[in-house]
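> Take a look and give me a structure for this.
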Amino acid sequence: MRIPARILPLALFVALPACVCGQSLSPAPPAARHHWYRDRVNWAILAAAVGSSLYATHEIHACRQRNDLIHCPDGGYGEFRAREELRGGVSLGTAILSIYGREHWRGGWRNEILNDAPVAAWSGWNVAVGRSNQTTPTFPREYLSRVELIKGDQGHPVIR
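Take a look at the predicted model:
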């Protein structure tokens with residue numbers, strides 16, 4: 001029995017990949033849906049990001065209560081609440097991007113490193129800032145040595 005010339009290439013095109021790969025032509029059953037909140041690594045990433053941000057905020061606040069602002073290596077003179085909200089937002093944002101990448105971009109250990117590097121770097125920076133503020137010694141308040149406060153004529157403080 002002779003196979004027509006037009007059917008042979010089509011049959012080889014369909015059957016050969018299935019034979020080479022050792023798979024059948026029937027479709028595979030759908031994989032079970034994976035939920036991000038069932039993975040403990042994702043919860044560990046969130047805990048590390050939020051915990052490091054809270055640690056840095058706590059230590060910066062404690063350093064500012066102990067010392068003048070100039071002695072606390074917390075990154076600037078801006079409004080404390082706005083800067084710490086930004087710190088928390090960046091921490092949470094990098095954690096969310098890491099979890100999103102872990103759920104959607106699978107590709108071996110290199111991809112895992114790319115997904116987790118931003119949250120690891122930012123959390124490490126937060127811990128370093130918190131530790132530097134924690135180890136800052138207590139200095140005397142500078143305004144007591146530089147500025148003399150006296151009572152004015154009407155009982156209000158006057159700077160000389």
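
> So Leu97, which state does it fall into?
In three-state terms, and counting by DSSP: H, G, I helix; E, B strand; the rest coil, Leu97 is helix.

> so it makes contact with Asp116?
No: in this structure Leu97 lies outside contact range of Asp116 using Cβ atoms under 8 Å: 10.0 Å. For every residue, glycine as well, the C-beta is placed using N, CA and C.

> Of those two, give the one with the bigger neighbour count.
Shown here are Leu97 and Asp116; by other Cβ atoms under 10 Å, Asp116 has more neighbours (19 against 13).

> element containing the more buried one?
helix 109-134 (DSSP states H and E).

> And that helix, what does it pack against?
helix 40-66, helix 80-104 (3 or more Cβ pairs under 8 Å, 6 or more residues apart in numbering; DSSP states H and E).

> Could you list the low-confidence segments of the protein?
When residues are selected by pLDDT under 70, those of the chain lie in 1-34, 75-76, 108-109, 141-160.

> rerun at 80
1-37, 68-70, 74-78, 105-113, 139-160 (pLDDT under 80).

> How many residues are close by Asp74?
So Asp74, with other Cβ under 10 Å, has 24 neighbours.

> residues contacting it?
By Cβ atoms under 8 Å, 6 or more residues apart in numbering, Asp74 lies in contact with 56, 60, 63-64, 129, 133.
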